[in-house]
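# Sequence and computational prediction follow.
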Amino acid sequence: MTKIRHAGGFESLDLMGRAVTLAFRLSGITADFPGIAAQRDIIEAVGNVPSFGFRRWNPTAEERLKLFKDERWGTNSLYVSGAKRPRRRSKAAVLKLANAAIERAESKGSTDDPSVLFSNSFLSGMASGPEWSRGVIAEYTRFLREELLQSLKTLRHHLTVEAR
């Protein structure tokens, strides 16, 4: 529940979940590639990924009326992606990236990378959860090993053969 203070000192409690409603309304915002709209808290939490080039979104009066029923709550902290499409890479550059990704995926060493530490903690929490949660983790790790990693290895093989 959220306590909402209105003009004139009137207070009310939000039982429906205005943040859920805000998230639904965010889905209607048009943003440049890769098409992401989010609140400032989320952008700050992920460190404003430079390749996405997040910028503050200031809705026009028309957008605020269409998407937010002219409500201003939550609209002053919205960001949208504004990145340019990724540039084309040479085959040599793609091969180098594929090799680095395969090496990182297959390494058993520890890492101090905060995103890896978070992922490990999150996955371990999911794995110790209910049966459906363990099933999700099992399917996710199967996908990573058998499909994603295998696709990278296949790509590496084709690029290596073409380079000869």
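Sure thing, it's come through.
# From now on I want contacts and neighbour counts done on CA atoms only, so please keep to that.
OK.
# surely residue 61 meets residue 69?
No - the criterion here is C-alpha atoms under 8 Å, and residue 61 misses it with residue 69 at 10.1 Å.
# This protein: helices as residue ranges?
Under the criterion DSSP state H, the chain contains helices at 18-26, 40-46, 61-68, 91-106, 114-127, 131-142, 149-163.
# how distant is the fourth one from the center of its chain?
In terms of C-alpha atoms, centre = their mean, to the nearest Å, the gap separating the centre of helix 91-106 from the centre of its chain is 22 Å.
# Specify the angle between it and helix 149-163 in degrees.
150 degrees (axes from the mean of the first three to the mean of the last three C-alpha atoms, to 10 degrees).
# Give the buried residues for helix 91-106.
Across helix 91-106, burial judged by 16 or more other C-alpha atoms under 10 Å covers 95, 98-99, 102.
# Can you give the contact residues for it?
By C-alpha atoms under 8 Å, 6 or more residues apart in numbering, the surrounding residues in contact with helix 91-106 are 149, 152-153, 155-156, 159-160.
# Can you flag the buried ones in these?
When the contacts of helix 91-106 are checked for burial by 16+ other C-alpha under 10 Å, the buried set is 149, 152-153, 155-156, 159.
# which of the residues you listed sit farthest apart?
The span of the buried ones among the contacts of helix 91-106, defined through C-alpha to C-alpha, is set by 149 and 159 at 15.3 Å.
# coming back round to it: make CSV out of the buried ones among the contacts of helix 91-106 and add pLDDT and distance to residue 119.
CSV is the format used below for those (pLDDT from 0 to 100; distance: C-alpha to C-alpha, whole Å):
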residue, pLDDT, distance to residue 119
149, 92, 17
152, 93, 21
153, 94, 23
155, 92, 26
156, 92, 26
159, 90, 30
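# follow-up on the earlier one: how about the helices of the chain in TSV, adding distance to residue 33?
Formatted as TSV, these follow (distance: least, C-alpha to C-alpha, whole Å):
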stretch	distance to residue 33
helix 18-26	15
helix 40-46	16
helix 61-68	20
helix 91-106	21
helix 114-127	23
helix 131-142	26
helix 149-163	24
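# which stretch in those helices has the least confidence?
Mean pLDDT per stretch puts helix 18-26 lowest among these, at a mean of 75.
# okay, now the domains of this structure?
2-80, 91-163 (automatic domain parsing).
# start to end distance for the shortest one?
The one in question is domain 91-163. 9 Å (C-alpha to C-alpha, to the nearest Å).
# tell me how far it is from the chain's mean position?
On C-alpha atoms, centre = their mean, the centre of domain 91-163 falls 17 Å from the chain's centre.
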